[in-house]
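Trainee: quick check, what structure comes out for this input:
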Amino acid sequence: MTQVPPPSTTNDIASTRLPKRLMGLMLVYTLLSISGLIATQSLSELSSMLCILTLLMVVAIMGKQKAALYLLRVYCLLQLMIYSMLPIIMYAPDNLDTSPTTMDFGVFQTVVPDWLLYGVLIAVGMLQVWISFNAKVKMWFKSRINFNIISG
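Mentor: Okay, the predicted model is just below:
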C-alpha cells in the first residue's frame, strides 16, 4: 500500500520564497557593504571588517540559517540603539560642532536640520527592526537551530 504525502500547507509555500522585505533589506546591506569596502581602502581596518561581516550575514540569510535570523535581529537592534543615541553623542560638549549640516547632491546643495537627519535614521532603524521581527521573515529560516553557516 502506498502512502500519499500530506498536502503542503501555506507555511511550507511561504517558507520556500524569500520575503520581498527581507530581499530589499539584504540588497541594501549588500550595496552598503560593498560601497563601504570601496571607501575603506584608505580608512580603518575595523570598518572594512564590519562590511565583510555584514556580507557574511547576507550569505547566511540566503542559506536560511537560523543563526542568521538571530544575528540579523541583534544587528538591527544595535543599529537602532546607536541611531537613537546619536543626538546625545553629537551634542556632547567635546563633539559640539556649531556649523549647520550641509548636504551635497551634485550641483544641489542644501542645509538640513539635524533633527530631520536623526529622525530619518531612527525611522530607518525602526523599519529594519520591524522587518527582522516579522513573522514572514521568521518563516524563511529553517526551524532547527544551527549556528554553522556553511552546512545546510
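Trainee: ramachandran angles for Pro113?
Mentor: phi -70, psi 150 (degrees, to the nearest 10).
Trainee: give me the neighbour count for the nearest residue in space to it that is not next to it in sequence.
Mentor: Spatial nearest neighbour of Pro113, chain neighbours left out: Thr101 (7.5 Å); criterion: Cβ to Cβ, 6 or more residues apart in numbering. For every residue, glycine as well, the C-beta is placed using N, CA and C. Counted by other Cβ atoms under 10 Å, the residues lying close to Thr101 total 13.
Trainee: now Thr101, which residues is it bridged with?
Mentor: Beta-bridge pairing for Thr101 (DSSP bridges): Val112.
Trainee: quick one: pLDDT of it?
Mentor: We have a pLDDT of 70 for Thr101.
Trainee: quick one: contacts for it?
Mentor: 111-114, 117 (Cβ atoms under 8 Å, 6 or more residues apart in numbering).
Trainee: out of these, which comes closest to Gly24?
Mentor: Of all the contacts of Thr101, Gly24 sits closest to Leu117, with 22.0 Å by Cβ to Cβ.
Trainee: and the closest one, how close does it get to Val59?
Mentor: Counting by Cβ to Cβ, to the nearest Å, the gap from Leu117 to Val59 is 31 Å.
Trainee: buried set for the longest helix belonging to the chain?
Mentor: Longest helix of the chain, by residue count under DSSP state H: helix 66-90. Residues of helix 66-90 classed as buried by neighbour count (16 or more other Cβ atoms under 10 Å): 66-69, 71-73, 75-76, 80, 83, 86-87.
Trainee: and the pLDDT at the spatially closest residue to Ser84 that is not a sequence neighbour?
Mentor: Spatially, and ignoring its direct neighbours in sequence, Ser84 is nearest to Ile122 (6.0 Å; Cβ to Cβ, 6+ apart). On the pLDDT scale, Ile122 is placed at 91.
Trainee: which ones are touching Ile122?
Mentor: Neighbours of Ile122 in contact, by Cβ under 8 Å, 6+ apart: 80, 83-84.
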